[in-house]
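In: what follows is a predicted protein model with its sequence.
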Amino acid sequence: MFENVLITGANGLLGRAVVKEMQGRARVTGFDLKAGDAPISWETGNLTDAAAVARAVKGKDAILQIAAIPNIWSGGGEKIMQVNVVGLYLLLEAAEAAGVRRVVICSSDSVLGYTVREGKMVPPSYLPVDLAHPLNPTDPYALSKLMGEEAGRSFATRGMEIVVLRPVFVAYPEMYGEIRARAAAPDTYRGTPAGGPSSAGGGPCWHHVDPRDAARAFRLALEMKNVTFERFLLCANVTLSPEPTLERLARLLGRTPEVRRPEVYARNPFAPIYDLDPVRERLGFDAEFDARAIAIPAAA
């Protein structure tokens, strides 16, 4: 485990969960637009401010990079690119100059193209979707995340250790109202009728991951051995959809994509479209929580 860890975006929803997971395991510094309430050291500034970033990374062994424009509803394409791409590049450049050994980058399953912007999504070519599947970002946020991954790959080639995590929709407690609202009226659900910070996400199959699980994955990414450049999908072991995964895809697409490993869905009809074996085997991550009881009360 690394001793001095910087967590960017530490005052955000995911950042706070990761700070909680890391406390007591390393000397943690948070970096965000404003300091949070967690009893850690804080540096404040914007990810696109090179001087602020350079101050924040000084003396750090590792960085958990979570700061970002979090979705397509939080800013236009130019702003998303400026923060998520240019900001990440500035962070990686400063980290390399400061001798930071490992950076864990928060990406998104949106790089695969089947998460948001209905009508502009690209269905999976086969199931389960593995790390060799083509990447098809179809909106500025997804594109920014793919460009961020490639920036990480570039710095890994130069000698830095890079781990990319691709969480699906993170089901924060603040989102439970939206999850319930969508489940109650899936055909008419729009916007944030329950007053959540954003609409319930997870793509057509309603994928999700609990913030406690996502935070644990960030910690595990610091504990990995023999890292050069790694990518992992983070997802609960079941979707929030009331329909089994293959049935739902057949109804939505009018066909079922090629199923290369039918045993996955025979064993677990509500399994996600993603192949979670690599994250289990290499990262040692297996989701402990799911929110099906929130979306489908009868499942409680």
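Out: That came in fine, so what should we check first?
In: Glu93 and Val86, how far apart?
Out: From Glu93 over to Val86 the distance is 10 Å, taken as C-beta to C-beta, to the nearest Å. For glycine as for every other residue, the C-beta is placed from the backbone atoms N, C-alpha and C.
In: revised request: answer the last question for Ala194.
Out: Taken as C-beta to C-beta, the span from Ala194 to Val86 is 34 Å.
In: one more: Leu276?
Out: 32 Å.
In: quick one: which of these two has more around it?
Out: Taking neighbours as other C-beta atoms under 10 Å, Leu276 and Val86 compare with Leu276 leading, 21 against 16.
In: spit out the contact partners of the more buried one.
Out: By C-beta atoms under 8 Å, 6 or more residues apart in numbering, the residues touching Leu276 are 128, 233, 235, 237, 286.
In: out of these, who has the most neighbours?
Out: Leu233 (29 neighbours).
In: let's verify that residue: helix, strand, or coil?
Out: strand (DSSP: H, G, I helix; E, B strand; the rest coil).
In: show me the beta-bridge partners of it.
Out: On the basis of DSSP bridges, Leu233 is bridged to Arg166.
In: what do you get for Ile105?
Out: In this entry, Ile105 is beta-bridged to Gln65, Val164, by DSSP bridges.
In: begin at 480 from now on, thanks
Out: All set: I'll call the first residue 480, so the last point we hit is now Ile584.
In: was I right to think it contacts Leu567?
Out: Yes - counting by C-beta atoms under 8 Å, Ile584 sits close enough to Leu567 to count as a contact (7.1 Å).
In: list residues touching both of these two?
Out: 544, 627, 631.
In: shouldn't the second one be within a helix?
Out: To tie it back to what came earlier, the one meant is Gly627. Yes - assigned with three-state DSSP, Gly627 falls within a helix.
In: ok, it to Arg710 distance?
Out: Gly627 is 12 Å from Arg710, by C-beta to C-beta.
In: these two: who's more crowded?
Out: Neighbours were counted for Gly627 and for Arg710 using other C-beta under 10 Å; Gly627 has more, 25 against 19.
In: give me the neighbour count for the nearest residue to the more buried one once chain neighbours are set aside.
Out: Sequence neighbours aside, Leu567 is the residue nearest to Gly627 in space, at 4.7 Å (criterion: C-beta to C-beta, 6 or more residues apart in numbering). For Leu567, the neighbour count with other C-beta under 10 Å is 28.
In: kindly report the same for Ile545.
Out: Using other C-beta under 10 Å: Ile545 sits among 28 other residues.
In: just say helix, strand or coil for Lys558.
Out: On the basis of three-state DSSP, Lys558 is classed as helix.
In: hmm, Ile548 and it touching each other?
Out: Yes - counting by C-beta under 8 Å, Lys558 does reach Ile548; the two are 6.1 Å apart.
In: okay, the two: which has more neighbours?
Out: Ile548 (21 against 14).
In: quick one: contacts for the more buried one?
Out: 554, 558-559, 562-563, 620, 623.
In: roughly how far does it sit from Thr735?
Out: 35 Å.
In: now swap in Ala766 and tell me
Out: Computed with C-beta to C-beta, the distance linking Ala766 and Thr735 is 25 Å.
In: who has more neighbours, the two?
Out: Per other C-beta under 10 Å, whichever of Ala766 and Thr735 has more neighbours is Ala766, with 22 against 15.
In: I'd say the more buried one and Asn716 touch.
Out: Yes - between Ala766 and Asn716 there is a contact at 5.4 Å, judged by C-beta under 8 Å.
In: would you state the strands of the chain in chain order?
Out: Listed in chain order, the strands of the chain (DSSP state E) span 483-487, 506-511, 520-523, 541-544, 581-585, 605-606, 640-646, 708-713, 737-738.
In: any idea what sits nearest Trp521, other than its immediate chain neighbours?
Out: Closest to Trp521 by C-beta to C-beta, 6+ apart is Ala514, at 3.8 Å.
In: what is the burial count for the one you found?
Out: Residues within reach of Ala514, counting by other C-beta under 10 Å, total 15.
In: low-confidence ranges, the protein, go.
Out: Across the chain, residues meeting the criterion (pLDDT under 70) sit at 597-598, 777-779.
In: still on that earlier bit, which member of the contacts of Leu755 is positioned nearest Val590?
Out: Of all the contacts of Leu755, Val590 sits closest to Leu712, with 9.9 Å by C-beta to C-beta.
In: quick one, helices of the stretch 530-679 of the chain?
Out: 556-560, 567-577, 619-636, 655-663 (DSSP state H, counting those that start in this stretch).
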